[in-house]
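J.: below: sequence and its predicted model.
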Amino acid sequence: MNATPAPKPDAAAVHEPLIRIRGLRTVLNGKTIFDGVDLDIPRGRVTAVMGPSGTGKTTLIRHITGQLRPDAGEIVVDGQSVWKLGRDALFDLREKIGYLFQNSALLTDFSVFENVAFPLRQHLKLPEEILRNIVLTKLQAVGLRGAANLMPNELSGGMMRRVALARAIVRDPMLIIYDEPFVGLDPIALNQIVKLIRTLNETLGVTAILVAHEFSAVRRVADHIHLLAGGKIVAHGTPDELARGETPWTRQFFSGEADGPVPFHYPAPDYARQLGLSA
Amino acid sequence: MAQRQSFQVGTGLFILLGFAALAYLATQTTSLANYSQGASYDIVARFTNIGQLKLRAPVKVAGVRVGSVAGIALEPEKLDAKVTLSIDDRFDKIPDDSAAAIFTSGLLGDQYVALQPGGSPTNFKSGDEVVLTQSSMQLEELIGKYLVGGDAGKPKPDASTDKK
Amino acid sequence: MTALRRPGLFTTGIAQIGACGIFLLHILRALPRSLRYLRETVRQVFFVGAMSLTIIMICGLFVGMVLGLQLYHTLSIFGGTAALGTVVALSLYRELGPVVTALLFAGRAGTSITAEIGLMRATDQLDAMEMMAVDPMAYVVAPRFLAGVIAMPLLACIFNALGIFGAHLVGVNWLGLDSGTFWSNMTSSVDVWTDVMNGVWKSAVFGAVCTLIATFQGYTTPPTSEGVAYATTRTVVFSSIATLAIDFVMTAFLM
């Protein structure tokens, strides 16, 4: 009754997107990757970034996590401008981000259990028993509690992905980044991962960024899709909106045609001339 | 956990082995090995020239090591070298008229002090001085003398000052 | 041929040295933070030190035996076989011990460090650590560097001890030199500070240089299997050159 009401989160802060990218411009090895990308990732939603291979989806993520410096533009994550942070502040921010690597990136020296426990051991001084419980809970969530004592090289690719997912969520992050989570999974594992992403988002309200090309899987988990091509966001909307294919970009990407605004061919000199056939 | 333990044990063993090797090299194969272990007494000997005699060089009687050189200093008035010999207490029966000489082990080896026992009934005690001494043989001097003696037509400039 | 014609080969080499120097500064800056990972350092001392023991001990023994044999015959020409112990000890402590240990270390431990870090790079493990807010410089590189600096002098001492033993075996037990002469000549002319400890300082520096090169090559390798293979080769080549060059410089200064 007399308890002081907990300070209510500022309404503006809640609606403020978790990640806000403005005017992002990146040139890598002389190739323009991003040419003025504006992107908002809302809190508590699953946002997918899709696009043809080589459009810099992973690069975009590396910008968000502060691993790669863009040439221009501003990236604000949770109210902090990533590229103005010092090393320690950046690491503090990263502690709140879970990252699922495309190739799992498990530490090969450690067992499955120790891999999942690694972030906890590095940053928190937990009693061994509590740590054990947390790790086993997360492994149970990905269905690999029984594999806790195996080494990473004894696992299949799909199992490694699930261990990596357990590791990414072990510290209950505010943001999880999934880099190509569906590649090379069998239908059962894929289904489980899809469900896990959904569950994490619905029960814990975790914000998620999903980078993938599999539209069939993405449309089951994503609230919002951004289509990246030619260094720009060319389309965005809910999965259903994009599936209708109202722009040339979406039509080409989702029906997989070689001809369209996205060039299937890497820039090359004239084919006939290079073969010496031109008159 | 057991695996972690074995790393630590292995590392510990390795470090111990390494330091044991270092300690062995440092104490058993170097001049540190020549430090006398037990008690000793000092006697003094004066030489006009000690050559390349160094601190901790051995002191021998009949070729057997009995002690070491504990100090080398220049006597300011007499301008000769005062060498302190530290003799192990075990060897307390060295007659006090023994002579000290600086020899070279082998042709080019290190120099050491040799004590040649005399016949006196009394023995050296701490602080005694060796009266009879023979300075270091300087190879250059020997060769010089030989040259002067063998070829009188070309006297060396300092040959005249050389006392016979 | 093509390599020679490529314009920036010399510049690339200089840039590599520069990058290596900057990498060293990064390691030194990460060292205080790496003290949190003491257990990892201990593990690395085991891998680079204890696991190199066999090769170091066997090679030390044989180098000592060869030295004993060679020097005995050379010294007997001058009637100076009595000096065998001295000459063996001095050449081991001052040069052969630190240098041969460093070369063996580069081949045994250096390559495995490069391959390990290179594979960690290729499989995104280093990026994963960064993303888990663990600095790979402090967690992966600095402990290996420290382990190299700690392990190398100890390995060199073990190498020397086995070398002396080998020379004693050949000179005394086989060629019939008097054991007393062997030891007494050695003990009268070998000094702790100018000989034994000089070798220890040298090998600590070699340890730093070899692990610096190994970690640098691994850390900056292109993330492909070919890249890791080349990086491993470069580790051995550069470590050997650097060891011998620094040996000359240090000998000139320490003498």
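T.: Here it is on my side, so go on.

J.: how far out from the middle of the chain is stretch B:124-137?
T.: Put simply, stretch B:124-137 sits 13 Å off its chain's centre (C-alpha atoms, centre = their mean, to the nearest Å).

J.: quick one: contacts of it?
T.: The list of residues contacting stretch B:124-137 from outside it, by C-beta atoms under 8 Å, 6 or more residues apart in numbering or on different chains, reads B:41-53, B:85, B:87, B:92, B:94-104, B:111, B:115, B:118. C-beta: built from backbone N, CA, C; applies to glycine.

J.: list the buried residues in it.
T.: Under the neighbour-count criterion of 16 or more other C-beta atoms under 10 Å in any protein chain shown, stretch B:124-137 has B:Phe124, B:Asp128, B:Val130, B:Thr133, B:Ser135, B:Ser136 buried.

J.: tell me which of these fall in strands.
T.: B:Val130, B:Thr133 (DSSP state E).

J.: what ranges do the strands span in the chain?
T.: You didn't pick a chain, so chain A it is. Shown for chain A, the strands assigned by DSSP E span residues A:19-28, A:31-41, A:46-50, A:72-77, A:80-81, A:97-100, A:175-179, A:207-211, A:224-229, A:232-237.

J.: wait, I meant chain B there
T.: With DSSP E as the criterion, chain B has strands spanning B:40-47, B:58-61, B:64-74, B:81-88, B:99-104, B:111-116, B:129-130, B:133-134.

J.: how is chain A carved up into domains?
T.: Each domain of chain A is listed here as a residue range: A:16-96+A:174-259, A:108-172, per automatic domain parsing.

J.: mean pLDDT for the ones you listed: which is lowest?
T.: In terms of average pLDDT, domain A:16-96+A:174-259 trails the rest of the domains of chain A, at a mean of 83.

J.: work out which residue lies at the spatial centre of chain B.
T.: B:Ala57 (2.5 Å; C-alpha atoms, centre = their mean).

J.: tell me the contacts of the closest residue to that one other than its chain neighbours?
T.: Among residues not flanking B:Ala57 along the chain, B:Val69 sits closest, at 4.6 Å (C-beta to C-beta, 6 or more residues apart in numbering or on different chains). Contact analysis of B:Val69 by C-beta under 8 Å, 6+ apart lists B:Leu53, B:Lys54, B:Leu55, B:Arg56, B:Ala57, B:Pro58, B:Val59, B:Val83, B:Thr84, B:Leu85, B:Ser86, B:Val113.

J.: switch to 10 Å and redo it
T.: By C-beta atoms under 10 Å, 6 or more residues apart in numbering or on different chains, the contact list for B:Val69 reads B:34, B:45, B:50, B:53-59, B:83-86, B:102, B:111-113.

J.: same check on C:Ile213?
T.: C:20, C:23, C:106, C:110, C:113-114, C:234-243.

J.: quick one: classify it as helix, strand or coil.
T.: Assigned by DSSP: H, G, I helix; E, B strand; the rest coil, the conformation of C:Ile213 is helix.

J.: which residues touch stretch B:72-79?
T.: The contact list for stretch B:72-79, computed with C-beta under 10 Å, 6+ apart, reads B:44, B:46-48, B:50, B:53-55, B:57, B:80-84.

J.: out of those, who's the most crowded?
T.: Highest neighbour count within the contacts of stretch B:72-79: B:Val83, with 25 neighbours (other C-beta atoms under 10 Å in any protein chain shown).

J.: what bridges to that one?
T.: Residues in a beta bridge with B:Val83, per DSSP bridges, are B:Ala45, B:Ile72.

J.: against B:Glu75, how distant is it?
T.: 11 Å (C-beta to C-beta, to the nearest Å).

J.: any shared contact partners between these two?
T.: Common neighbours of B:Val83 and B:Glu75, counting by C-beta under 10 Å, 6+ apart, are B:Arg46.

J.: looking at the strands of chain A, which is closest to A:Arg251?
T.: strand A:232-237 (9.9 Å; C-beta to C-beta).

J.: these two touch, right, A:Gly44 and A:Leu200?
T.: No. Using C-beta atoms under 10 Å, A:Gly44 is not in contact with A:Leu200; the gap is 11.1 Å.

J.: and B:Leu85, how many neighbours?
T.: Taking other C-beta under 10 Å as the criterion, the count of residues near B:Leu85 is 23.

J.: that one and B:Pro121, how far apart?
T.: 21 Å.

J.: same check, this time on C:Asp124
T.: For C:Asp124, the distance to B:Pro121 - C-beta to C-beta - is 90 Å.

J.: quick one: mean pLDDT for the longest helix along chain B?
T.: Looking across chain B with DSSP state H, the single longest helix is helix B:2-28. For helix B:2-28, mean pLDDT is 83.

J.: what pLDDT is listed against the closest residue to chain B within the stretch 151-255 of chain C?
T.: Proximity of the stretch 151-255 of chain C to chain B (C-beta to the nearest C-beta) peaks at C:Leu154, 2.5 Å away. In this model, C:Leu154 is scored at 95, pLDDT.

J.: what is the neighbour count of it?
T.: C:Leu154 is flanked by 28 other residues according to other C-beta under 10 Å.

J.: with A:Gly73 instead?
T.: Residues lying near A:Gly73 (other C-beta under 10 Å) number 17.

J.: OK, contacts around it?
T.: A:Ile21, A:Arg22, A:Gly23, A:Leu24, A:Arg25, A:Thr26, A:Phe34, A:Gly36, A:Val37, A:Asp38, A:His63, A:Trp83.

J.: quick one: buried ones out of those?
T.: Buried, going by 16+ other C-beta under 10 Å: A:Ile21, A:Leu24, A:Thr26, A:Phe34, A:Val37, A:His63, out of the contacts of A:Gly73.

J.: widest-spaced pair of those?
T.: A:Ile21 and A:Thr26 (11.2 Å).

J.: can you list residues touching both of those two?
T.: Residues touching both A:Ile21 and A:Thr26 comprise A:Phe34, A:Val37, A:Leu60, A:His63, A:Pro70, A:Gly73, with contact defined as C-beta under 10 Å, 6+ apart.

J.: got JSON lines for the residues you listed, with distance to C:Leu90 too?
T.: JSON lines is the format used below for the shared contacts of A:Ile21 and A:Thr26 (distance: C-beta to C-beta, whole Å):
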{"residue": "A:Phe34", "distance to C:Leu90": "65"}
{"residue": "A:Val37", "distance to C:Leu90": "68"}
{"residue": "A:Leu60", "distance to C:Leu90": "63"}
{"residue": "A:His63", "distance to C:Leu90": "60"}
{"residue": "A:Pro70", "distance to C:Leu90": "60"}
{"residue": "A:Gly73", "distance to C:Leu90": "65"}
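
J.: closest to chain C out of those?
T.: Checking the shared contacts of A:Ile21 and A:Thr26 one by one against chain C (C-beta to the nearest C-beta), the nearest turns out to be A:His63, at 13.4 Å.
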